[in-house]
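> dropping a prediction and its sequence here:
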Amino acid sequence: MAVDLTSLNGKTLNSNPTPAAGAQSLSMTEMAGTLILRDAGEDLGREGILRTPARFAKAMDHLTSGYTQTVEEVVGEGVFEAEGPGLVSVRNVEFYSLCEHHMLPFWGTASVAYYPKKKIVGLSKIPRIVDLFSRRFQVQERLTREVAHALVSVVDPRAVAVRVKACHLCMMMRGVEKQNSDTVTEFSVGLESLTEHETQRLWSSLENER
Ligand SMILES: [Zn+2]
């Protein structure tokens, strides 16, 4: 069915929302939410549904907030001189993301390990880097790579490895409906500079996870 995009449910589309206009106009995402409900056959006037497009838009704003930030912003002043060459690992950082193929959630944990050269990053910054890249439309493989490359850009380590384990709603709720499968992706940079023993320690530090 053709839809008049300039007027929906008595409200008008506002492609450049301002606080003053917000109450009576729909953002693009609110309009998308309205269209999804309408296309499914919902009664848009039903009480439980009335504010759903607005809630959907607010939730999507949060879930895609990674687009409005940079690695430099989330790391800020959190880079320090390394006091030694020892392995640093942060395991099981929870994340929630949206699969770019279905716009459905995937979620899990990311674990990061690196051998510093001259710099280290504050441990609390690693979850913020994971959030930065997971709060976007993603594929798990790219998320894994982007976290590793962010570590390279922030601390220039001798080597870094990232392991991401996730469940995908697009697999669980539809199609193959594999309820209990998870997907593991790994990415590393700089392994050629490590000894065999160091490489083994790097990966084994990521394996001991929940
Ligand atoms: Zn998917």
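Okay, I see it. Numbering: from 1, shown residues only.

> contacts and neighbour counts: CA atoms only from here.
Fine.

> name the nearest residue to residue 84, ignoring sequence neighbours.
residue 116 (7.8 Å; C-alpha to C-alpha, 6 or more residues apart in numbering).

> please report how far that neighbour lies from residue 79.
Distance of residue 116 to residue 79, given as C-alpha to C-alpha, to the nearest Å: 12 Å.

> again with residue 61
Residue 61 is 29 Å from residue 79, by C-alpha to C-alpha.

> re the thing from before, common neighbours of residue 116 and residue 79, please.
residue 155 (C-alpha atoms under 8 Å, 6 or more residues apart in numbering).

> of these two, which one has the most company?
The neighbour count for residue 116 versus residue 79, taken as other C-alpha atoms under 10 Å, is higher for residue 116 (23 against 15).

> how is this structure carved up into domains?
Split into domains by automatic domain parsing, the chain comes to 8-63, 76-204.

> name the element the closest residue to residue 146 other than its chain neighbours belongs to?
Leaving aside its sequence neighbours, residue 146 sits nearest to residue 133 (C-alpha to C-alpha, 6+ apart; 7.0 Å). Applying DSSP states H and E as the criterion places residue 133 in helix 125-134.

> so for that helix, what's the average pLDDT?
Averaging pLDDT along helix 125-134 yields 98.

> just checking, next helix/strand downstream of it?
Scanning forward in sequence from helix 125-134 by DSSP H and E, the next helix or strand is strand 137-138.

> each with direction, which strands does that following strand pair with?
Strand pairing for strand 137-138, determined by DSSP bridges: strand 88-99 (parallel).

> quick one on the thing from earlier: the ion: which of the domains of the chain is closest?
The closest of the domains of the chain to the ion is domain 76-204. By C-alpha to the ion, the value is 4.5 Å.

> close to the ion, is that closest one?
Yes: judged by C-alpha under 5 Å from the ion, domain 76-204 and the ion are in contact via 99, 101-102, 170.

> reformat the residues you listed as a markdown table; add neighbour count, pLDDT and secondary structure.
Formatted as a markdown table, these follow (neighbours: other C-alpha atoms under 10 Å; pLDDT from 0 to 100; DSSP: H, G, I helix; E, B strand; the rest coil):
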| residue | neighbour count | pLDDT | secondary structure |
| --- | --- | --- | --- |
| 99 | 20 | 97 | strand |
| 101 | 10 | 96 | coil |
| 102 | 11 | 95 | coil |
| 170 | 19 | 89 | helix |
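
> nearest to residue 154 among the residues you listed?
Closest to residue 154 out of the residues of domain 76-204 next to the ion is residue 99 (26.2 Å), distances taken as C-alpha to C-alpha.

> got the contact list for the spatially most central residue of the chain?
Nearest to the mean C-alpha position of the chain, by C-alpha atoms, centre = their mean, lies residue 134 at 0.9 Å. Residue 134 makes contact with 66, 95-98, 143, according to C-alpha under 8 Å, 6+ apart.
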